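Peer 1: here you go, sequence then predicted model.
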Amino acid sequence: MSGRRSRQSSTTSRITDDQIIELVSKLHQLLPEIRSSRRSSKASANKVLQETCNYIRNLHKEVDDLSERLAQLLSSIDADSPEAAIIRSLI
């Protein structure tokens with residue numbers, strides 16, 4: 001059974017091809033890697049979805065790295081200092 005058929009036979013929420021195209025277009029506009037490339041208007045839906053997944057993975061990694069850096073910084077300063085309070089508010 002094709003993806004289109006299974007999507008149409010679903011009794012829950014249905015999404016049209018036009019809605020998928022619109023959502024992929026919105027994702028396309030959010031991705032800095034694709035947005036800045038010369039052939040950005042030619043990117044396939046597959047490419048946009050792959051780049052979206054990569055971008056989200058990278059964002060998660062950055063958040064983890066920054067959280068670790070903040071935790072290290074917090075452990076290296078006086079816990080009662082104003083700086084520590086600022087760092088705790090960021091975590």
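Peer 2: Nice, thanks for sending it over. If you're wondering where the values come from, they're calculated on a predicted model, not measured in any experiment.
Peer 1: now the helices for the chain?
Peer 2: Counting by DSSP state H, the chain has helices at residues 3-9, 17-30, 32-35, 45-75, 82-90.
Peer 1: got the CA positions of the shortest one in CSV?
Peer 2: By that I understand helix 32-35. Extracted in CSV, the C-alpha atoms of helix 32-35 (Å, rounded to 0.1, in the frame of the first residue of the first chain):
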residue,chain,number,x,y,z
PRO,A,32,20.2,28.5,7.9
GLU,A,33,22.2,25.9,5.9
ILE,A,34,19.6,25.7,3.1
ARG,A,35,18.5,29.3,3.3
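Peer 1: average pLDDT across that helix?
Peer 2: On average, the pLDDT along helix 32-35 is 73.
Peer 1: now do it: distance to the chain's middle.
Peer 2: 13 Å (C-alpha atoms, centre = their mean, to the nearest Å).
Peer 1: on that earlier part again, could you dump the helices of the chain to a markdown table with mean neighbour count?
Peer 2: Where C-beta positions appear, they are placed from N, C-alpha and C, glycine not excepted. Below are the helices of the chain laid out as a markdown table (neighbours: other C-beta atoms under 10 Å):
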| stretch | mean neighbour count |
| --- | --- |
| helix 3-9 | 9 |
| helix 17-30 | 13 |
| helix 32-35 | 14 |
| helix 45-75 | 12 |
| helix 82-90 | 11 |
